[in-house]
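Q: missing the sequence, but the structure's below:
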């Protein structure tokens, strides 16, 4: 019987060891496995959303190329620096082409806007109506972004036989440029 009692003790010790290993090792490993499985699911979800984002990338590249082609001349319309000399030369050339008299061009001080600078230019000249219309049309067609802000036209006393009256014209136009 002594052999049986020792056997039962060994079996009991083995049972306690098995139960202990199950409780302490298997359960803790099971918890870690569950945590890893949750991380895998979260990473798979992240990969899926990133794959959807990457799938839209070729479309964005095409849009960017389209916008670059569309706005390739943007810097020519809004220059990086003032380039005032060339612009004033072009304006005085237009005034000379139209044979205006009493010409005066006065550049003002640049003002800083949020994304660009504005330079006002005041011009005074005398000429006929049709030539002034051509002049304004040429200003509107200039390569440089130019806007007439103020315009004052005064008719000069005329002779009765004159078809196209002489006008005194005063205008303020703005040119725009980015920081130099």
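A: Sure, I can see it. As the structure is a prediction and not an experimental result, all values here were calculated from the model. Numbering: from 1, shown residues only.
Q: Now do stretch 168-180, average pLDDT.
A: Stretch 168-180 shows a mean pLDDT of 84 in the predicted model.
Q: buried sites along that stretch?
A: 169, 171-177 (16 or more other CB atoms under 10 Å). Where C-beta positions appear, they are placed from N, C-alpha and C, glycine not excepted.
Q: right, and residue 98 touches residue 137 too?
A: No. Using CB atoms under 8 Å, residue 98 makes no contact with residue 137, being 10.7 Å away.
Q: low-confidence ranges in the chain?
A: For the chain, the stretches with pLDDT under 70 are 1-3, 72-83, 158-163, 179-180.
Q: host element of the residue nearest the centre of it?
A: Against the mean C-alpha coordinate of the chain, by CA atoms, centre = their mean, the closest residue is residue 115 at 10.2 Å. In the assignment (DSSP states H and E), residue 115 maps to no helix and no strand.
Q: Leaving out the residues flanking it, which one is nearest to it?
A: Computed as CB to CB, 6 or more residues apart in numbering, the closest residue to residue 115 that is not its neighbour in sequence is residue 178, at 7.7 Å.
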